[in-house]
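Visitor: coordinates only, sequence not included:
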Ligand code: ADP
């Protein structure tokens, strides 16, 4: 049958033969005719089983009471074709939608006095079929009636006709059938019985909900023509009202009004049924479309998705799940989730799921299986009463992400290691290099002192160059030493930046005076988390550069200011000097990188490298903005105290 959900199709493939109690005796719903089972219910049964491709195997069960004992567990029988759903029965059986509806009526002998309702049967002896819903309702709701339950309708009608009971309560077409076929001309239908009508469904064994769902789907697909055909066959000219008014008038001993009431209620029941069928088919169609949409959505996900009962019984999954475990998605429903994992993982899963079920809250877990990293989001699904009945899991393969993170971590560790090595090297080298340099320096001085007067001008000039070289090299080594000393793990404490800036200006006092410059600190500068000595050094280098790189004839004007946000302060040291071309913005922060020859502007090119290292060790950033010929602004950010 097209449009059947995959789990139902799978179920039907697994269970192609169904055992049905065919030896029932409830004409014209079910009856035995020359060894063959016939009747309205038998026709519906054949129609739906053929739609589902099922083979019927007769189950020989003596009576309805025995059937009720065996059906819940599927003990010898899977389907009972004529059954009314009651709350009590629903606890241990599954039911399809009703496929037909008839009223329940009171049948009496013609000579009986007026019987208009069940109340008129008080103290009377009434026969009815044992274990049927209306016999239960009679017992419970009308205790004043003396009830005599018998094995079947045949026996009940015979007892009534023979005068051993005052009335029979049963389903309308059943009563009519017996009166017509057994020649009970002494009986009449007296009145409708105010009991639940015969809304007949298929009852299905308690552990096979899928079969009930499949039968339900098949019933929903029955066309109005097919319904009409079955009813026409068994109710004949009583269609669609269900009863020939003349026949009722005859049986009812002239009670035509009642016949018409019955006729009306019958017609109404039929119309309601047809309307309901139409609505259900529409709902079915909508359900199919929405199922399809959900499936497409799930299959479009890159996560493995699964839905299962709290005990791990799988209800469904998407293609990714099936591919991950190498199974056919149609084979998954009904299997146990725990069987998909090695025992230890299964146990961990079971514990995680139990935790989610108990807490009623989703969790995300991660695990590694077959070398792949999985992130599992586990969601509890509650029923209307708020009880967790099912669990949905979305399992994402995050291996690539995890590997990328691991790679980044190992690169960072490697870089840190090699930085440490470099710093160590610079420190050791600068220390050790000064020793031979001192030796060169003292021997050059000795040479000059002892032999200076014997040397010509050229030789003395060469000695001067050598001394200058030694001095410059010593300065470079000292710079390198200073640079390498800006160690890691600085102790950062709340520090008044304004103090640090003022000390820096104080240190540069002579230089400022010499070049006729002005340095303005825009008060107040904020407090920051810093090591004060380093902060002083930072301001000093930047202000010092502003003084040094001034334009010819233009006295340097330097301004130190700051802005803040919630977590950081950004400082700016700006000048009106020569400026820097954009292309050098990065290079100037490198060690010993200079843009000018020594004669023009003195220096070794270490100042900005130290600035950058200081700022970065404080967790900040330094950058430059400049317009050549107009001036330069250095900016750096530092963290503020909480
Ligand atoms: P040094 O001043 O010893 O050369 P720095 O590392 O302090 O070393 O500066 C690197 C280079 O950046 C300098 O050689 C100079 O060309 C350029 N520079 C630094 N500060 C300024 C400034 N305020 N104005 C113009 N150029 C600057």
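Guide: Cool, got the structure. This structure is a prediction, so every number in the text was calculated from the model and none was measured. Numbers count the residues shown, from 1 in each chain.

Visitor: quick one, phi/psi of the nearest residue to residue 44 once chain neighbours are set aside?
Guide: Closest residue in space to residue 44, ignoring its immediate chain neighbours: residue 99 at 5.0 Å, by Cβ to Cβ, 6 or more residues apart in numbering. In this view, the C-beta of every residue, glycine as well, is placed from N, C-alpha and C. As for residue 99, its main-chain torsions (degrees, to the nearest 10) stand at phi -100, psi -10.

Visitor: what's near enough to touch residue 99?
Guide: 44, 200-202, 219, 222 (Cβ atoms under 8 Å, 6 or more residues apart in numbering).

Visitor: narrow the residues you listed to those in strands?
Guide: 200-202 (DSSP state E).

Visitor: neighbour-wise, which one of those leads?
Guide: In terms of neighbour count, residue 202 stands highest of the ones in strands among the contacts of residue 99 at 30 neighbours, by other Cβ atoms under 10 Å.

Visitor: with adjacent residues omitted, what lies nearest to that residue?
Guide: residue 96 (4.5 Å).

Visitor: how much space between the one you found and the ligand?
Guide: Using Cβ to the nearest ligand atom, to the nearest Å, one obtains 88 Å as the distance from residue 96 to the ligand.

Visitor: from residue 309, how far off is residue 354?
Guide: Going from residue 354 to residue 309 by Cβ to Cβ, to the nearest Å gives 13 Å.

Visitor: per-residue confidence for the residue nearest to residue 202?
Guide: Note on residue 96: pLDDT of 94.

Visitor: and for residue 262?
Guide: So residue 262 comes in at 60 (pLDDT).

Visitor: low-confidence ranges in this protein?
Guide: Where the chain drops to pLDDT under 70, the residues are 237-273, 276, 488-489.

Visitor: tell me the residues of it that contact the ligand?
Guide: For the chain, the residues in contact with the ligand (Cβ under 6 Å from any ligand atom) are 545-546, 549, 575, 577-580, 588, 593-596, 603-609, 632.

Visitor: out of those residues, list just those in helices.
Guide: Those of these mapping onto helices are 545-546, 607-609, per DSSP state H.

Visitor: contacts for the helix or strand harbouring residue 378?
Guide: Here residue 378, judged by DSSP states H and E, is contained in strand 372-382. Contact with strand 372-382 is made by 307, 352-353, 356-357, 359-368, 388-399, 401-402, as judged by Cβ under 8 Å, 6+ apart.

Visitor: among those, which lie within strands?
Guide: Per DSSP E, the contacts of strand 372-382 map to strands at 307, 363-368, 388-397.

Visitor: in ChimeraX, select just the buried ones from those residues.
Guide: Buried members of those, defined by 16 or more other Cβ atoms under 10 Å, are picked up in ChimeraX with:
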select :307,365,388,390,391,392,393,394,395,396,397
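
Visitor: run a quick neighbour tally on residue 350.
Guide: Burial of residue 350, expressed as a neighbour count using other Cβ under 10 Å, amounts to 15.

Visitor: same check, this time on residue 372
Guide: So residue 372, with other Cβ under 10 Å, has 13 neighbours.

Visitor: is it in a bridge, and if so with what?
Guide: residue 369 (DSSP bridges).

Visitor: what about it, distance to residue 131?
Guide: Here residue 372 is placed at a distance of 58 Å from residue 131 (Cβ to Cβ).

Visitor: need the residue closest to the centroid of this structure.
Guide: What sits nearest the mean C-alpha location of the chain, by Cα atoms, centre = their mean, is residue 394, with 5.6 Å.

Visitor: if we can go back for a sec, turn the ones in helices among the residues of the chain next to the ligand into CSV, including neighbour count and distance to residue 411.
Guide: Converted to CSV, these look like this (neighbours: other Cβ atoms under 10 Å; distance: Cβ to Cβ, whole Å):
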residue, neighbour count, distance to residue 411
545, 23, 34
546, 26, 38
607, 22, 30
608, 21, 27
609, 21, 23
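
Visitor: residue 332 contacts residue 313, doesn't it?
Guide: No. Using Cβ atoms under 8 Å, residue 332 is not in contact with residue 313, being 10.5 Å away.

Visitor: neighbour count for these two, which is higher?
Guide: The residue with more neighbours, out of residue 332 and residue 313, is residue 332; 24 against 14, by other Cβ under 10 Å.

Visitor: contacting residues for that one?
Guide: 306, 314, 316-317, 321-322.

Visitor: likewise residue 37?
Guide: 22-24, 30-31, 58.

Visitor: can you do 6 Å?
Guide: Counting by Cβ atoms under 6 Å, 6 or more residues apart in numbering, residue 37 touches residue 22.

Visitor: three-state assignment of it?
Guide: strand (DSSP: H, G, I helix; E, B strand; the rest coil).

Visitor: quick one: the strands in the stretch 451-600 of the chain?
Guide: For the stretch 451-600 of the chain, strands defined by DSSP state E, counting those that start in this stretch occupy the ranges 493-496, 518-521, 527-530, 557-564, 568-574.

Visitor: wait, the stretch 201-350 of the chain
Guide: 304-309, 314-317.

Visitor: of all those strands, which lies closest to residue 281?
Guide: Each of the strands of the stretch 201-350 of the chain has some distance to residue 281 by Cβ to Cβ; the shortest is strand 314-317, at 24.1 Å.

Visitor: show me the contact partners of that closest one.
Guide: Residues contacting strand 314-317 (Cβ under 6 Å, 6+ apart): 306-308, 329, 332-333, 335, 337.

Visitor: repeat that for 10 Å
Guide: Residues outside strand 314-317 that contact it (Cβ atoms under 10 Å, 6 or more residues apart in numbering) are 5-7, 294-295, 298, 304-309, 321, 324-325, 327, 329-337, 339-340, 390-393.

Visitor: mind listing what the residue in the stretch 101-250 of the chain that the ligand sits nearest to touches?
Guide: For the stretch 101-250 of the chain, the residue closest to the ligand is residue 210, as judged by Cβ to the nearest ligand atom, at 79.6 Å. Each residue near residue 210 by Cβ under 10 Å, 6+ apart is listed here: 5, 7-12, 14-15, 94, 204, 333-334.

Visitor: now, those that are in strands?
Guide: Those of these lying in strands (DSSP E): 94, 204.

Visitor: which helix is the longest one in this structure?
Guide: Max-length helix for the chain by DSSP H is helix 399-451.

Visitor: by contact count, what packs against that one?
Guide: strand 363-369, strand 372-382, helix 457-485 (3 or more Cβ pairs under 10 Å, 6 or more residues apart in numbering; DSSP states H and E).

Visitor: please redo it, this time with the cut-off set to 8 Å
Guide: The contact analysis (3 or more Cβ pairs under 8 Å, 6 or more residues apart in numbering; DSSP states H and E) places helix 399-451 against strand 372-382, helix 457-485.

Visitor: return the most buried member of these.
Guide: Ranked by mean neighbour count under mean count of other Cβ atoms under 10 Å, these are led by strand 372-382, which reaches a mean of 16.
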